[in-house]
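Visitor: got a structure for you, letters missing:
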């Protein structure tokens, strides 16, 4: 078998798997934002009818997965693998969403990069000959994340200028070994990068160097110029982190004209009081499964480099004075 | 490419990857147990010289990874992938252990099944043609796990008869695409199974049905009899969970004569006051990387089915009255 490896971090898939179904579910605030038309389901009640925020997140994830399967014309029992994870302690959003589903399950943890990690692994499993169908699912919920990572909502803490707003949203992608585009063509697996940022309310700054590292590796490994892509899009660097990423590339003499960030797109910076933008696993996941993949299907973009970023901190690591290790996985998607 | 899939859950690797390095690091109590001779490093100070238990766990995981790389004659920067995870909130044991290492990283969460999940994914990545070398690492620490999952150590709570003792230990395995045995030959990916057990101090009972489900799937998919294996070994079902597993098979008329459990083996039930045995990601990982793989190398066993189990609960899910979703991944290892 010829090697698929380009450098240490990138693989070129020999038979790029097809994205045959994708769906998302978001909360009310996301539904009030500029991407409203791209969401499959906007729930007006962020409890999703459940008795706890964690159960609400599980319900949301199940709904997105079910809708993606329907669009793909598949059932969970037909899948070879499901990769899922979330931000909750011990990833209970995913474990409980998968409970009762007849599907081989690999739990993953990549913080807000989870959709990139899941999509990468699902695509590699199919390209590697290990099955016909695989899925990647993730979610975040403003109310579970805030009380877990920062302060309880009831505390009413003031948010700092660099803070981002955790997206209440879930996204699911179903891949097939064969089928029409969009296709996953390349995966660049990220390394853990930590430049010493310790402010848990400034995750954009913590994650920007990881995005720079992975995108640089991708361009080096593939020999592609940034202009090859119609869009290079990070997950949730937000306003500040996105600017830092552009600065880092500018130092190398590279201008990213075709850059954007899911966290910048999902909320209206003027009217929705989200400071530096959206964040959370559900941010990149709901933007990918709506705005981005719908846009590719409608001919808006031919080639996208989807680069979700994750801040691998916990409240414990923050309390112990640690800085924030970060990661970014890049997945190249071609419309045809 | 011929399909490698046997049924929904199992793959037969076409070019079984070789286990070229494996190492473990454990704490004092584990070093006082019956498997002492199989550990590479027994630390007498469970703080590992660090200022917090979480940092101790990170130090332990780094040490095990480094020793496994040394034994394999490899460096981290030569690896194509590292799969790692642990029990800590947001898997910080692994994220911080990987920080500063030049290696593409996929974070995984499978609770105590993590070594099975990592080993499975690492082997599949190599068999799929995505690289030459990959590693799987995991850990658990009694002091981080107890205060996170149950009660703070300082509380001095009485342990129930079904409780297990979280192993302070880390294990690392380095795989190569080609090389002499032991080889990873088959992977059976587990489904989430939840039979309604709600007692977070009785994880053996919660996980036994998941082990039964996966081992049954493995035997069905491969057409093998249990007697094909010289040893079928679960991760940390412990005394009660192991007995329940044997009961479940007995109902099908199947006697597992060749069954054991890492959680039963790692401590002395008479002298170490561990109630139902060991548990934690580090339990299966440190037993695999010492007792089991050393035993295969010395000719004690030709074929092993390694089946670590995970209880996918969190304190939040327990506090919200939820039962315990569980999972088991099975990895078939051949000595030659």
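Guide: Cool, got the structure. Everything numeric here is computed off the predicted structure, so don't read it as measured data.
Visitor: so what's the single nearest residue of chain A relative to chain B up against?
Guide: Residue of chain A nearest chain B, by Cβ to the nearest Cβ: residue A:128 (2.3 Å). To be clear about C-beta, it is placed using only N, CA and C from the backbone, and glycine gets the same treatment. The neighbours of residue A:128, taking Cβ atoms under 8 Å, 6 or more residues apart in numbering or on different chains as the test, are B:124, B:125, B:127, B:128, B:129, B:130.
Visitor: Run a quick check on residue A:5 versus residue B:79, I expect a contact.
Guide: No. Assessed by Cβ atoms under 8 Å, residue A:5 is found out of contact with residue B:79, at 11.9 Å.
Visitor: Please enumerate the shared neighbours of these two.
Guide: Shared contacts of residue A:5 and residue B:79, counting by Cβ under 8 Å, 6+ apart, come down to residue B:131.
Visitor: following the helix or strand hosting residue A:54, which helix or strand comes up?
Guide: Counting by DSSP states H and E, the element that carries residue A:54 is helix A:53-72. Using DSSP H and E, the helix or strand that follows helix A:53-72 in sequence is strand A:81-86.
Visitor: How far off centre is that following strand?
Guide: Distance of strand A:81-86 from its chain centroid, counting by Cα atoms, centre = their mean, to the nearest Å, is 12 Å.
Visitor: Check stretch A:135-152 too.
Guide: The answer for stretch A:135-152 is 13 Å, by Cα atoms, centre = their mean.
Visitor: what about it, start to end distance?
Guide: 33 Å (Cα to Cα, to the nearest Å).
Visitor: Kindly report the same for stretch A:92-106.
Guide: Chord length of stretch A:92-106, first to last residue, is 13 Å (Cα to Cα).
Visitor: before we move on, back to that, residue A:5 and residue B:79: which is more packed in?
Guide: Using other Cβ atoms under 10 Å in any protein chain shown, the more surrounded residue of residue A:5 and residue B:79 is residue B:79, with 25 against 16.
Visitor: isn't the more buried one right up against residue B:136?
Guide: No. Contact criterion Cβ under 8 Å: residue B:79 and residue B:136 do not qualify, at 10.7 Å.
Visitor: ok, back up a step: list the buried ones in the helix holding residue A:54?
Guide: A:53-69, A:71-72 (16 or more other Cβ atoms under 10 Å in any protein chain shown).
Visitor: What of stretch A:179-187?
Guide: A:181, A:182, A:183, A:184, A:185, A:186, A:187.
Visitor: what about it, how long is it end to end?
Guide: 19 Å.
Visitor: can I assume residue A:11 is in contact with residue B:125?
Guide: No. With contacts counted by Cβ under 8 Å, residue A:11 stays clear of residue B:125, the gap being 9.2 Å.
Visitor: So the two - more neighbours on which side?
Guide: Comparing residue A:11 with residue B:125 by other Cβ under 10 Å, the one with more neighbours is residue A:11, at 29 against 26.
Visitor: For residue A:127, see how far away the closest residue to that one other than its chain neighbours is.
Guide: Leaving aside its sequence neighbours, residue A:11 sits nearest to residue A:4 (Cβ to Cβ, 6 or more residues apart in numbering or on different chains; 4.6 Å). Separation of residue A:4 from residue A:127 (Cβ to Cβ, to the nearest Å): 8 Å.
Visitor: overlap in contacts of the two?
Guide: Shared contacts of residue A:4 and residue A:127, counting by Cβ under 8 Å, 6+ apart, come down to A:13, A:14.
Visitor: low pLDDT regions in the stretch 201-336 of chain A?
Guide: In the prediction, the stretch 201-336 of chain A carries no residues with pLDDT under 70.
Visitor: quick one, strands of it?
Guide: A:231-234, A:259-261, A:278-279, A:303-307, A:309-311, A:326-328, A:330-334 (DSSP state E, counting those that start in this stretch).
Visitor: and the third one, which strands flank it?
Guide: Taking DSSP bridges as the criterion, strand A:278-279 forms sheet pairs with strand A:165-166 (parallel).
Visitor: Give me the contact list for the strand it pairs with.
Guide: For strand A:165-166, contacts defined as Cβ under 8 Å, 6+ apart pick out A:29, A:87, A:140-142, A:145-146, A:149, A:267, A:272, A:274-275, A:277-280, A:282-283.
Visitor: again, only using 7 Å
Guide: Residues outside strand A:165-166 that contact it (Cβ atoms under 7 Å, 6 or more residues apart in numbering or on different chains) are A:140, A:142, A:145, A:146, A:267, A:274, A:278, A:279, A:280.
Visitor: That strand - what's its average pLDDT?
Guide: Computed over strand A:165-166, the mean pLDDT rounds to 96.
Visitor: and the helix or strand that comes right after that strand, how far out from the chain's middle?
Guide: Next along the chain after strand A:165-166, taking DSSP H and E as the criterion, comes strand A:169-176. In this view, strand A:169-176 has its centroid 10 Å away from the chain centroid, taken as Cα atoms, centre = their mean.
Visitor: Remind me what strand A:169-176 packs against, helices and strands.
Guide: strand A:18-26, helix A:53-72, helix A:114-127, strand A:133-140, helix A:281-287 (3 or more Cβ pairs under 7 Å, 6 or more residues apart in numbering or on different chains; DSSP states H and E).
Visitor: What mean pLDDT does it get?
Guide: 98.
Visitor: now swap in stretch A:15-35 and tell me
Guide: 98.
Visitor: joint contacts of residue A:11 and residue B:125?
Guide: residue A:124.
Visitor: coming back round to it: comparing residue A:4 and residue A:127, which residue is more hemmed in?
Guide: Using other Cβ under 10 Å, the more surrounded residue of residue A:4 and residue A:127 is residue A:127, with 25 against 19.
Visitor: wouldn't that one be in contact with residue A:12 here?
Guide: No. At 9.6 Å, residue A:127 does not count as touching residue A:12 under the criterion of Cβ atoms under 7 Å.
Visitor: Near chain B, which residues of the stretch 151-300 of chain A are found?
Guide: A:189, A:190, A:191, A:192, A:194 (Cβ under 7 Å from any Cβ of the partner chain).
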